[in-house]
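Colleague: quick one, what's the 3D model for this:
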Amino acid sequence: MIRDILKSFTKQRTAMAAGYDALDHVRAEIAEKVREIEVLRSAPRPVAEALSLFDAWADEAATAAIDRLPIHRLLDSRNPAPSLETEILRMPGEITPNTRPDVEMLVGILFFVGRDRLREVIAGQLGDLVAGREALKSDERAERISAAQAELLHLHLVEEQLVRQMQESGLSVSRRADAPAIALLADDASLPG
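Modeller: Below is the predicted model:
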């Protein structure tokens, strides 16, 4: 009789330990999936896409710089020695002039003149920055994040199912503080079997 009682306690203890182990395993998978989603969110763009963005920015800066040059002065027949000097703007109350427009114009002209070489250097540096990391296009990133979030939701539902089963068995189980409401409020029929 005592032997039967001890066997029963051993079986209960084994079942209890198995339940807690399963819950710990699911929670570890949840933590890993959250890390995976964060890695996907922070994955760099492919170098080619980053260079396209640089090209668009450099084109805009070069165009704005050329547009800002006072080339109309070269056509003024009343001025015997025209120059392309820009006007220095000084805002009321400022001690030093606002040179930002001139600096932006200079950068734009540098892009206009030496863009190919600068692009080569930037491409090399971007390649070094991406080395060893998976680069993702925007649509690929969104697709993989969506799939990982679906897997994460499934894991949350599995966790909730385990918690409910363990509580129904009389075990004391705490829910995670960051457990999503969709899992906590799910009816039993929608939880994984």
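
Colleague: list the buried residues for stretch 29-40?
Modeller: Residues of stretch 29-40 classed as buried under the neighbour-count rule (16 or more other C-beta atoms under 10 Å) are 29-30, 33, 37, 40. Backbone N, C-alpha and C define where each C-beta goes, glycine included.

Colleague: where in this protein is the helix or strand with the lowest mean pLDDT?
Modeller: The weakest-scoring helix or strand in the chain, judged by mean pLDDT, DSSP states H and E, is helix 2-42 (a mean of 79).

Colleague: following that one, which helix or strand comes up?
Modeller: Counting by DSSP states H and E, the next helix or strand C-terminal to helix 2-42 is helix 47-68.

Colleague: about what we covered before: dump the buried residues of stretch 29-40 into JSON lines; add distance to Ala150 as well.
Modeller: Shown next, in JSON lines, are the buried residues of stretch 29-40 (distance: C-beta to C-beta, whole Å):
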{"residue": "Glu29", "distance to Ala150": "14"}
{"residue": "Ile30", "distance to Ala150": "13"}
{"residue": "Lys33", "distance to Ala150": "10"}
{"residue": "Ile37", "distance to Ala150": "11"}
{"residue": "Leu40", "distance to Ala150": "13"}
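
Colleague: ok, those residues vs Ala189, which is closest?
Modeller: Using C-beta to C-beta, Ile30 comes nearest to Ala189 of the buried residues of stretch 29-40, at 22.1 Å.

Colleague: residue contacts, the closest one?
Modeller: 152, 155-156, 159 (C-beta atoms under 8 Å, 6 or more residues apart in numbering).

Colleague: ok, now Arg68?
Modeller: Arg68 neighbours (C-beta under 8 Å, 6+ apart): 86, 101, 105, 108.

Colleague: the second one and Glu29, how far apart?
Modeller: Spelled out, it's Pro101. 55 Å (C-beta to C-beta, to the nearest Å).

Colleague: which residues sit in contact with Ala58?
Modeller: Counted by C-beta under 8 Å, 6+ apart, Ala58 has contacts 111, 115, 118-119.

Colleague: which of these are buried, as a ChimeraX select command?
Modeller: Selection of buried members from these for ChimeraX, criterion 16+ other C-beta under 10 Å:
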select :111,115
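
Colleague: can I get the contacts of Ala58 in a markdown table with secondary structure?
Modeller: As requested, the contacts of Ala58 are exported to a markdown table (DSSP: H, G, I helix; E, B strand; the rest coil):
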| residue | secondary structure |
| --- | --- |
| Phe111 | helix |
| Arg115 | helix |
| Leu118 | helix |
| Arg119 | helix |
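
Colleague: what's the closest of the contacts of Ala58 to Leu51?
Modeller: For those, the nearest to Leu51 is Arg119 (6.8 Å; C-beta to C-beta).

Colleague: so that closest one touches Leu51, yeah?
Modeller: Yes - Arg119 lies in contact with Leu51 (C-beta atoms under 8 Å); the separation is 6.8 Å.
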